[in-house]
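Peer 1: Got a predicted structure here, sequence first:
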Amino acid sequence: MGDTIAAIATAISESGIGIVRVSGDNAVQIVDKIYRTKAGKRALSHFDSHTVHYGFIVDRESGGKEEILDEALVVVMMAPRSYTAEDTVEINCHGGALVLQRVLESVLKHGARLAQPGEFTKRAFLNGRMDLSKAEAVMDIIHAKSRLALQSSMNQLCGSVFDAMKELREELLYEIAFIESALDDPEHISLDGYPDKLRIKTEKILERLQKLLDTAEYGKILKEGIRTVIVGKPNAGKSSLLNILAGEDRAIVTDVAGTTRDALEETIRLDGVSLRVVDTAGIRSTEDIVEKIGVEKARKYALDADLLIYIVDGSVPLDESDDEILRMIAKKKTIILLNKSDLDMAVTEEILKEKIKTVFKEMQLLSKEGEVETVIIRTSTKEKVGIGALEEKVKEMFFHGEVSFNDEVVITNMRHKEAMQDAYESMMQVKASLEKGMPEDFYSIDLMSAYASLGKIIGEEVGEDLVNEIFSKFCMGK
């Protein structure tokens, strides 16, 4: 924390602007050594905080002559009103790998140290400018792949998770303090009737924790996208569907069965959310070693999918390969596309439903009424028919028909979910102790455990190793 650190804060590529960020006690003095105004040198320390200045970045050659590296706009931000809450200087120069690297080298030569991945944000956290949940939201914003993921991350950066955890922890701390005070001074603080009051409070906290935990699955979809795997027999139209959804030719499409040998993944945006769509090898019995490997990978992808899209070639009769695929999709969220509707159909919706019913009956998955719930959409990937109906069905299955985001807290981070689950279990222990009429100090122990678990989310109950691990996943310069 005593070092002054520096790094390139923008992508290293040909672009209009590139930024070298410098932060620490000596940030202004270091940049002062390589900055020149148009009229001549003037110390940056003379400038007011949060001002922008035009000039040149220079480097001294071996002969003592100064070489101009680039013209730049230099932004001065004095502590504590900066991203890191330290003195910070940002050099805005032209984008481009060479010029950015040379400016950074000049900064490092004059006393700065190259920042580690995520070290600027880590300093913001350690300096108390943001809690751990807000710091994690920074990286989520950078990696957001959909509009809703971005909105959710911004909501978290603005303090939605922090505020919820702070409120819960304050309530828990009040109860802990009351119990401890009553146990220390029973003459003045009575615990008569307190278990009944704590029981009501415990139920309310459990309800709020459960409500937050219930958002985790939705939050996972917002953050990571819907893992969607396209399965079917060879030449059913899987690759054609991927190309249509992607809006470009990402997969090779031919009339030769077995063209797709390996899985091909593409991220597709659907009305504010993302689908991580995987096109897999056609599932069939084959002696081709490479195709066998592709078929096995298709089965593995299907096991981990949030959504399966099973494409049936309606122009040819169903066979044993379809039976295998139906057994594979039986317990997964699935949309079945009866494809090639532009051709003479050998398979109708009724034939397909009977086949599904037969397979599911063998697997003992039929309802008491002997029916199966299936989503079948008639499509033609060649004519692009039925694609709109597919998109609407996806929204209906995962977002109740409307893809939207409100300001409610949504848990998108697995670390947060695990900590919240620990807090929930601790509160269940409090409830059990109340039901058994245990002594009050038992309540205090589990309340403190819940308090500590929620503190892990915002960084008040975490060790140095965890902090280092979290920020090591950040990109360089952030």
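Peer 2: Done, it's in. Numbers count the residues shown, from 1 in each chain.
Peer 1: so for the helix or strand containing residue 201, what's the average pLDDT?
Peer 2: Residue 201 is part of helix 194-214, with elements assigned from DSSP states H and E. The average pLDDT within helix 194-214 is 95.
Peer 1: Let me see the ranges of the strands in the protein.
Peer 2: Along the chain, the stretches classed as strands by DSSP state E are 5-8, 18-23, 35-37, 51-60, 66-77, 88-93, 113-114, 226-232, 264-270, 273-279, 307-313, 334-339, 376-378.
Peer 1: Pull up the pairing partners for the second one, direction included.
Peer 2: Using DSSP bridges, the strands paired with strand 18-23 in its sheet are strand 5-8 (antiparallel), strand 88-93 (antiparallel).
Peer 1: for the shortest one, same thing?
Peer 2: According to DSSP bridges, strand 113-114 forms sheet pairs with strand 5-8 (parallel).
Peer 1: wait, doesn't residue 246 sit right on residue 264?
Peer 2: No. With contacts defined as C-beta atoms under 8 Å, residue 246 does not count as touching residue 264, sitting 9.8 Å away. In short, each C-beta sits where N, CA and C put it, glycine included.
Peer 1: Who has more neighbours out of these two?
Peer 2: residue 264 (19 against 16; other C-beta atoms under 10 Å).
Peer 1: Could you list the buried residues of the helix holding residue 201?
Peer 2: 194-195, 198, 201-202, 205-206, 208-209, 212-213 (16 or more other C-beta atoms under 10 Å).
Peer 1: Out of the residues you listed, which is nearest to residue 302?
Peer 2: Minimum distance to residue 302 across these is 27.1 Å, recorded for residue 213 (C-beta to C-beta).
Peer 1: From what I see, the closest one and residue 419 are in contact.
Peer 2: No. Using C-beta under 8 Å, residue 213 is not in contact with residue 419; the gap is 10.8 Å.
Peer 1: what about this structure, any weak spots by pLDDT?
Peer 2: For the chain, the stretches with pLDDT under 70 are 40-42, 62-64, 248-263, 272, 284-288, 290-291, 365-372, 400-407.
Peer 1: how about stretch 51-68: buried residues?
Peer 2: Buried, per 16+ other C-beta under 10 Å, within stretch 51-68: 55-59.
Peer 1: possible to save those residues as CSV with distance to residue 138?
Peer 2: Formatted as CSV, the buried residues of stretch 51-68 follow (distance: C-beta to C-beta, whole Å):
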residue, distance to residue 138
55, 30
56, 32
57, 27
58, 33
59, 32
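Peer 1: And the residues you listed, which is closest to residue 22?
Peer 2: Distances from residue 22 to those, taken by C-beta to C-beta, are shortest for residue 57, at 11.6 Å.
Peer 1: Can you verify my assumption that residue 443 contacts residue 433?
Peer 2: Yes. Assessed by C-beta under 8 Å, residue 443 is found in contact with residue 433 at 5.8 Å.
Peer 1: For the lengthiest helix in the chain, buried residues please.
Peer 2: Among all segments of the chain classified by DSSP state H, the helix with the greatest residue count is helix 160-184. Neighbour-count burial for helix 160-184, counted by 16+ other C-beta under 10 Å, picks out 160-162, 164-166, 168-169, 171-172, 175-176, 178-179, 182.
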